[in-house]
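Participant: Sequence unavailable; structure follows:
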């Protein structure tokens with residue numbers, strides 16, 4: 001098979017779950033009339049499905065698919081998310097909020113943080129979070145779509161229902177779902193790994209031929225890793241947590257519009273409120289907490305009745321050396337993994353789907369497209385890695401070897417430079433293709449205790465009275481915006497009410513996976 005000249009029409013997606021069905025949905029929406037798309041999954045193989053929090057970019061993905069927000073939220077029991085509350089990450093008993101959106105008003109030469117730093121030094125500035133509407137709304141437990149002062153938001157969602165929702169959409173666009181387990185991956189030529197993938201042999205004896213294969217087989221990476229032999233880069237030195245245990249509990253209070261990330265001596269805990277339940281989990285180091293003890297520790301740190309029994313997941317943080325090799329592209333856990341501290345797992349699937357549509361090999365794999373895909377994927381995940389490592393490294397905790405190690409470890413040069421730049425000058429410079437914006441880095445660095453030694457001289461152009469009025473006006477605008485918002489829970493219920501019956505019936509037509 002000569003992939004440089006052949007026409008790629010037959011696309012085979014190995015694996016379902018969030019990764020498989022997000023890929024299928026976007027591909028079939030855009031190119032469904034030109035492609036033959038098959039997705040293979042087995043009801044007997046469960047999905048990881050622990051990540052239920054997202055970031056704002058998912059709204060763009062839904063716009064591309066033409067998804068009704070209210071229908072989607074009703075179908076997936078979703079709530080809104082305005083950011084993440086980090087509890088005990090800098091030191092025990094100290095919290096900070098990483099919000100979406102912007103804080104204050106920037107000047108073209110200097111970010112708002114410089115004016116705030118001057119105001120703080122003069123004793124006329126409130127805490128940094130007071131100038132961010134998403135943070136103030138989150139702690140007031142309020143939310144609404146605001147036309148002129150739009151709140152930047154994402155979602156908490158039921159990952160299993162989300163996959164089911166996208167499956168129904170994908171099948172309407174012509175995707176064929178094939179139930180069953182893969183017995184073997186077939187390749188061109190006698191040399192095995194030297195050849196392109198030609199087909200997947202199923203346990204029932206059938207054969208699924210394809211031109212392009214999408215590996216969504218999870219941590220196993222059956223196609224890219226096991227078959228094509230693409231190696232894995234281990235990031236455990238910087239990210240020593242290698243286990244997760246998750247459980248769902250019944251809601252005992254109204255859903256709040258943010259994720260809670262609670263630090264512990266052995267790692268950290270998440271709490272993610274949906275409309276009808278709460279997603280809970282621990283991400284931990286197996287050197288600090290045993291797999292036998294982890295479920296019991298999690299049970300002691302949750303509220304409400306357990307709806308399922310906890311299960312432990314083992315992982316190695318890192319990435320594949322390449323995510324596109326020959327005629328196979330790995331997506332989701334098959335391509336790499338960093339812990340879900342900043343809710344990036346679903347986003348990385350989304351980016352892979354969009355990137356594939358931008359570089360789709362209609363006439364066969366072109367080396368330049370493949371190399372660009374791999375380079376972009378690597379840069380993106382390394383940027384996210386650095387941002388996650390930042391949360392760990394800058395800490396004052398003394399309660400375990402885990403926190404001591406991450407505080408004293410050598411950093412990737414890219415991250416070390418960002419921290420030094422901010423500490424020395426209060427500056428953050430973000431390349432245009434990076435996920436996390438300047439305000440995200442500022443909130444986390446200051447929240448973790450990185451205090452700039454100086455601010456930009458442009459802030460001195462404002463005298464104290466003018467600066468006080470400047471800061472006060474922003475605070476008033478934020479307070480007015482938030483004061484006019486309804487309660488988050490009431491808003492979600494009102495938004496979703498017209499769609500509950502329709503989405504329930506729609507999802508009932510697709511068999512629920514275990």
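Facilitator: Received, thanks. Please read all numbers here as calculations on a predicted model, not as lab measurements. Numbering: from 1, shown residues only.
Participant: How is this protein divided into domains?
Facilitator: 10-79+157-233+320-382, 95-155+410-483 (automatic domain parsing).
Participant: okay if I get the ones you listed as TSV plus mean pLDDT, mean neighbour count and distance to residue 244?
Facilitator: Just so you know, the C-beta spots here come from the backbone N, C-alpha and C atoms, and that holds for glycine as well. Output for these, formatted as TSV (pLDDT from 0 to 100; neighbours: other CB atoms under 10 Å; distance: least, CB to CB, whole Å):
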stretch	mean pLDDT	mean neighbour count	distance to residue 244
domain 10-79+157-233+320-382	93	20	6
domain 95-155+410-483	94	17	20
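Participant: nearest to residue 270, of these?
Facilitator: Closest approach to residue 270 among the domains of the chain is made by domain 10-79+157-233+320-382 (7.3 Å; CB to CB).
Participant: helix, strand or coil for residue 233?
Facilitator: Following DSSP: H, G, I helix; E, B strand; the rest coil, residue 233 is assigned to strand.
Participant: Dihedrals phi and psi, residue 114?
Facilitator: phi -70, psi -40 (degrees, to the nearest 10).
Participant: Turn the domains of the chain into TSV, including distance to residue 249.
Facilitator: Shown next, in TSV, are the domains of the chain (distance: least, CB to CB, whole Å):
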stretch	distance to residue 249
domain 10-79+157-233+320-382	13
domain 95-155+410-483	19
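Participant: out of the ones you listed, nearest to residue 278?
Facilitator: Set against residue 278 and scored by CB to CB, these come closest in domain 10-79+157-233+320-382, at 9.5 Å.
Participant: Straight-line length of the closest one, end to end?
Facilitator: 32 Å (CA to CA, to the nearest Å).
Participant: Over to stretch 395-411?
Facilitator: 14 Å.
Participant: hang on, isn't residue 176 packed against residue 39?
Facilitator: Yes - if you go by CB atoms under 8 Å, residue 176 and residue 39 touch, sitting 7.3 Å apart.
Participant: Let me know the next secondary structure element after the helix of greatest length in the chain.
Facilitator: Ranked by residue count under DSSP state H, the longest helix found in the chain is helix 367-393. Where DSSP states H and E defines the elements, the next helix or strand beyond helix 367-393 is helix 401-408.
Participant: Now find how far off-centre that next one is within its chain.
Facilitator: 25 Å (CA atoms, centre = their mean, to the nearest Å).
Participant: Just want the angle from it to helix 367-393.
Facilitator: 110 degrees (axes from the mean of the first three to the mean of the last three CA atoms, to 10 degrees).
Participant: re the thing from before, what packs against the longest helix of the chain?
Facilitator: Here helix 367-393 touches strand 318-320, strand 324-325, helix 345-358, helix 401-408, helix 413-425, helix 438-447, going by 3 or more CB pairs under 8 Å, 6 or more residues apart in numbering; DSSP states H and E.
Participant: let's see 6 Å
Facilitator: Counting contacts by 3 or more CB pairs under 6 Å, 6 or more residues apart in numbering; DSSP states H and E, helix 367-393 is packed against strand 324-325, helix 413-425.
Participant: Now for the spatially most central residue of the chain: which residues touch it?
Facilitator: By CA atoms, centre = their mean, the chain has its centre lying nearest to residue 344, at 1.7 Å. Counting by CB atoms under 6 Å, 6 or more residues apart in numbering, residue 344 makes contact with residue 384.
Participant: Can you redo the helices and strands packed on helix 367-393 as a markdown table, where the extra columns are distance to residue 476?
Facilitator: Output for these, formatted as a markdown table (distance: least, CB to CB, whole Å):
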| stretch | distance to residue 476 |
| --- | --- |
| strand 324-325 | 51 |
| helix 413-425 | 28 |
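Participant: which one of these lies closest to residue 235?
Facilitator: helix 413-425 (12.1 Å).
Participant: quick one: buried residues of stretch 287-305?
Facilitator: Across stretch 287-305, burial judged by 16 or more other CB atoms under 10 Å covers 288-289, 294-295, 297-298, 302.
Participant: Could you do stretch 243-251 as well?
Facilitator: For stretch 243-251, burial by neighbour count (16+ other CB under 10 Å) applies to 243-249, 251.
Participant: Does residue 37 belong to a helix, a strand or coil?
Facilitator: Secondary structure state of residue 37, per three-state DSSP, is strand.
Participant: correct me, but it touches residue 12?
Facilitator: No - Residue 37 lies out of contact with residue 12 (CB atoms under 6 Å); the separation is 8.1 Å.
Participant: follow-up on the earlier one: can you tell me which of the buried residues of stretch 243-251 is closest to residue 224?
Facilitator: When those are compared against residue 224 (criterion: CB to CB), the nearest one is residue 244, at 22.4 Å.
Participant: The residue nearest to the centre of the chain and residue 492, how far apart?
Facilitator: From residue 344 across to residue 492, the span is 24 Å (CB to CB, to the nearest Å).
Participant: Over to residue 57?
Facilitator: Distance of residue 57 to residue 492, computed by CB to CB: 21 Å.
Participant: What of residue 340?
Facilitator: Distance from residue 340 to residue 492, by CB to CB: 22 Å.
Participant: Over to residue 170?
Facilitator: Distance from residue 170 to residue 492, by CB to CB: 26 Å.
Participant: Contacts only, for residue 112.
Facilitator: Going by CB under 6 Å, 6+ apart, residue 112 touches 103-106.
Participant: Not counting sequence-adjacent ones, nearest residue to it?
Facilitator: Spatially, and ignoring its direct neighbours in sequence, residue 112 is nearest to residue 104 (3.2 Å; CB to CB, 6 or more residues apart in numbering).
Participant: How about the secondary structure of residue 270?
Facilitator: strand.
Participant: which element is the closest residue to it other than its chain neighbours on?
Facilitator: Spatial nearest neighbour of residue 270, chain neighbours left out: residue 281 (5.1 Å); criterion: CB to CB, 6+ apart. Per DSSP H and E, residue 281 falls inside strand 277-284.
Participant: How about residues contacting whichever helix or strand comes after that strand?
Facilitator: Per DSSP H and E, strand 277-284 leads on to helix 294-300 as the next helix or strand towards the C-terminus. Outside helix 294-300, the residues within contact range by CB under 6 Å, 6+ apart are 245, 247, 282, 310.
Participant: Now tabulate those in CSV and tack on pLDDT and secondary structure.
Facilitator: Formatted as CSV, the contacts of helix 294-300 follow (pLDDT from 0 to 100; DSSP: H, G, I helix; E, B strand; the rest coil):
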residue, pLDDT, secondary structure
245, 96, strand
247, 94, strand
282, 97, strand
310, 92, coil
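Participant: Could you pull up the mean pLDDT of stretch 297-309?
Facilitator: Averaged over stretch 297-309, pLDDT sits at 94.
Participant: nearest to residue 82, of the buried residues of stretch 243-251?
Facilitator: Comparing these against residue 82 with CB to CB places residue 251 closest, at 18.5 Å.
Participant: Please report the distance of the closest one from residue 43.
Facilitator: Going from residue 251 to residue 43 by CB to CB gives 28 Å.
Participant: What of residue 302?
Facilitator: Relative to residue 43, residue 302 is positioned 28 Å away (CB to CB).
Participant: Many thanks, have a good one.
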